[in-house]
Each structure stands twice: as C-alpha cells, then as structure tokens.
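everything below, folded, please.
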Amino acid sequence: MRIAVATENGQVAQHFGRCPGYTLFDVENGQIRAKVVIPNPGHQPGFLPRYLAEKGVSCIIAGGMGPSAQDLFAAQGIKTVLGANGPADEVVKAYLAGNLALGTSTCEHGGH
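Below is the predicted model:
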C-alpha cells in the first residue's frame, strides 16, 4: 500500500492541493518500509487525483480537502483521510495502528 500525506516542513499540511509536497509512504504488513517526498506539481482541478493514482497511491491523508476533490479521489479508488495534523511520520504510524485522532476537514472554501 502507498499512502500520500500532504506535507509542509514535515507536518501534515492543512490543504492537500496547496501544500509544497507529498510524502509517499510505502507500507507492508502494517509497517513503513520506505518514504520519499515529491514536490506538488501544481493545483489544477482534477489533476492531483490522477497524478497520485499513477504513483500507486491508495490513500491520502491531509488536514483538509474540498468535497469535489474528495469525489475525484474516490473516482480514482483513493481513500481520503481528513482532519489530521502533526508530524507526517507520526500520523501515518497512528493511522496504521488504527488510533489516528482526526478533527474536521480544515478546508474552508467549499467545492471548487
């Protein structure tokens, strides 16, 4: 499984599309096996779900995301986990352990 975390300075970014980059975590048997940070290629409607799907991502974790983007990720078969915050590594570990505490999505601009 590959998890993408919207990140900024090692922390979960509050908006998936406007973050500086994505940390991709390769997970096997519930353990992080590898990670790599890739730059955000740009925020264009509909592009990021396809781009991350092509990278093998099956789950994205972010602080927030608008409803239209959530629908686009779902159409690519990518699960969205929203309302996360903190260091990306710790968030992924908590997610894998089944004890990730989530708030509400921090995206405030609605669907665009």
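
pLDDT score for the residue lying farthest from the centre of the chain?
The centre of the chain is farthest from one residue, N29, which by C-alpha atoms, centre = their mean lies 19.8 Å away. On pLDDT, N29 comes in at 93.

what do you get for the one 10 residues further on?
Model confidence at P39, expressed as pLDDT, equals 96.

repeat for M1
96.

and if you look at the one 10 residues further on?
Looking at Q11, its pLDDT reads 97.

how many neighbours does the closest residue to it other than its chain neighbours have?
Closest residue to Q11 apart from its sequence neighbours, by C-beta to C-beta, 6 or more residues apart in numbering: P87 at 6.0 Å. Any C-beta I mention is one placed from the backbone N, CA and C, and that applies to glycine too. P87 has 14 neighbouring residues, counting by other C-beta atoms under 10 Å.

swap in G103?
G103, neighbours per other C-beta under 10 Å, totals 11.

part of a strand, is it?
No. G103 is assigned coil when assessed by DSSP: H, G, I helix; E, B strand; the rest coil, not a strand.

residues contacting the residue nearest to Q11?
Going by C-beta atoms under 8 Å, 6 or more residues apart in numbering, P87 touches 10-12.

can I get the buried part of those as one ChimeraX selection?
Entered in ChimeraX, the line below selects the buried ones among the contacts of P87, by 16 or more other C-beta atoms under 10 Å:
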select :11,12
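
from the contacts of P87, pick the one nearest M65.
V12 (11.8 Å; C-beta to C-beta).

so for the closest one, what's the nearest residue that isn't a sequence neighbour?
A84 (4.8 Å).

got it, and G30?
L96 is the one closest to G30 (C-beta to C-beta, 6+ apart), at 5.3 Å.

count of neighbours near L96?
Using other C-beta under 10 Å, L96 has 17 neighbouring residues.

mind listing the strands for the chain?
All strands of the chain, identified by DSSP state E, fall at 2-8, 11-12, 21-28, 31-39, 59-62, 79-82.

the first one - contacts with which helices or strands?
Going back to what we said before, that points to strand 2-8. For strand 2-8, the packing partners by 3 or more C-beta pairs under 8 Å, 6 or more residues apart in numbering; DSSP states H and E come out as strand 21-28, strand 59-62, helix 88-97.
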